[in-house]
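J.: build me a model:
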Amino acid sequence: MSERTSIGPEWSPDAARIAFSSTRDGNAEIYVIEADGSNLRRPTHHPSDDVSPSWSPNGLEIAFASDRTGSPQIYIMDTDGLNQRRLTFEGSYNEQPAWSPSRDFSEIAFTSRIEDRGRFDIAVINLTTNQVSQLTTGRGDNESPSWSPNGMHIVFSSNRTGSQQIFCMNRDGTEQRQLTTDGNNTTPAWGPFRSR
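T.: Predicted coordinates for the structure are as follows:
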């Protein structure tokens, strides 16, 4: 019997549903389930791997990564699996999409292998113009972007200093600064905003 693996769970904006990737039916597919564990459904049905779901701010769409064209690229779909379309065409390897929660800036950050560098960097695609902007460059790999609740900042992991550490930057890539220094730190996730 093959091992079943479920990874990358992400809450919907209204906290009523969870999207995740699972190999329960063979290859990795995207699944959505209610917060109480009911009504499991599978919006993707493709022989290639579909992983890393990320909700749109209104909860009506999901971005994900898929290697259905040969190398991982970023796709978007309605939550029921309809209207699937490819977003990224620049970079040979694009993964880990993170949809900005901002309603002012329609953007998805993702990890990208930029052709001329051969390493991973953080990029953002503007969903209005389809323009891709590379936010990081220089030494090391930069991965796993996660947005602040207001969509104005991005945290990410990078080994630019030799070990894997957490960094933060503005949404346009400016003011990059290191947050952690000890050990190896990866896969940051920015917590939700709590009003006082």
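J.: contacts, neighbours, all on C-alpha from now
T.: Fine.
J.: center of this structure - which residue?
T.: Nearest to the mean C-alpha position of the chain, counting by CA atoms, centre = their mean, stands residue 97 at 2.2 Å.
J.: find the nearest non-adjacent residue to residue 21, please.
T.: Of all residues not flanking residue 21 in the chain, residue 30 sits nearest, at 4.5 Å (CA to CA, 6 or more residues apart in numbering).
J.: can you list the strands that the helix or strand where the residue nearest to the centre of the chain lies pairs with?
T.: Residue 97 is part of strand 93-99 when elements are defined by DSSP states H and E. Strand 93-99 pairs in its sheet with strand 107-113 (antiparallel), by DSSP bridges.
J.: would you mark the buried spots in the helix-or-strand element of the chain with minimal mean pLDDT?
T.: When each helix and strand of the chain is scored by mean pLDDT, DSSP states H and E, strand 6-11 comes last, with a mean of 91. Neighbour counts over strand 6-11 (16 or more other CA atoms under 10 Å) mark 9, 10, 11 as buried.
J.: closest to residue 70 among those residues?
T.: residue 9 (24.4 Å; CA to CA).
J.: what's in contact with the strand holding residue 97?
T.: 52-57, 63-66, 71-74, 88, 107-114, 143-147 (CA atoms under 8 Å, 6 or more residues apart in numbering).
J.: shaky segments in this protein?
T.: 1-2, 115-116, 193-196 (pLDDT under 70).
J.: got phi/psi on residue 76?
T.: According to degrees, to the nearest 10, the main-chain angles of residue 76 amount to phi -140, psi 150.
J.: quick one on the thing from earlier: so what strands line up beside the least confident helix or strand of the chain?
T.: strand 17-22 (antiparallel).
J.: hmm, who's touching the strand it pairs with?
T.: 4-12, 28-35, 50-54.
J.: now it - C-alpha only, CSV.
T.: C-alpha atoms of strand 17-22 as CSV (Å, rounded to 0.1, in the frame of the first residue of the first chain):
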residue,chain,number,x,y,z
ARG,A,17,-12.5,25.9,4.9
ILE,A,18,-9.0,24.4,4.6
ALA,A,19,-7.2,23.8,1.3
PHE,A,20,-4.3,21.3,1.2
SER,A,21,-2.4,19.0,-1.1
SER,A,22,-2.6,15.2,-0.7
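J.: quick one: the helix or strand that comes right after it to strand 17-22, angle?
T.: Using DSSP H and E, the helix or strand that follows strand 17-22 in sequence is strand 29-34. Per axes from the mean of the first three to the mean of the last three CA atoms, to 10 degrees, the angle that strand 29-34 makes with strand 17-22 is 150 degrees.
J.: show me what secondary structure element comes after strand 29-34.
T.: Once the chain leaves strand 29-34, the next helix or strand it forms, by DSSP H and E, is strand 50-55.
J.: tell me what that next one is packed against?
T.: Packing partners of strand 50-55 (3 or more CA pairs under 8 Å, 6 or more residues apart in numbering; DSSP states H and E): strand 6-11, strand 17-22, strand 29-34, strand 61-66, strand 93-99.
J.: what sits up against the first one?
T.: Going back to what we said before, that points to strand 6-11. Identification of contacts with strand 6-11 by CA under 8 Å, 6+ apart yields 17-24, 51-55.
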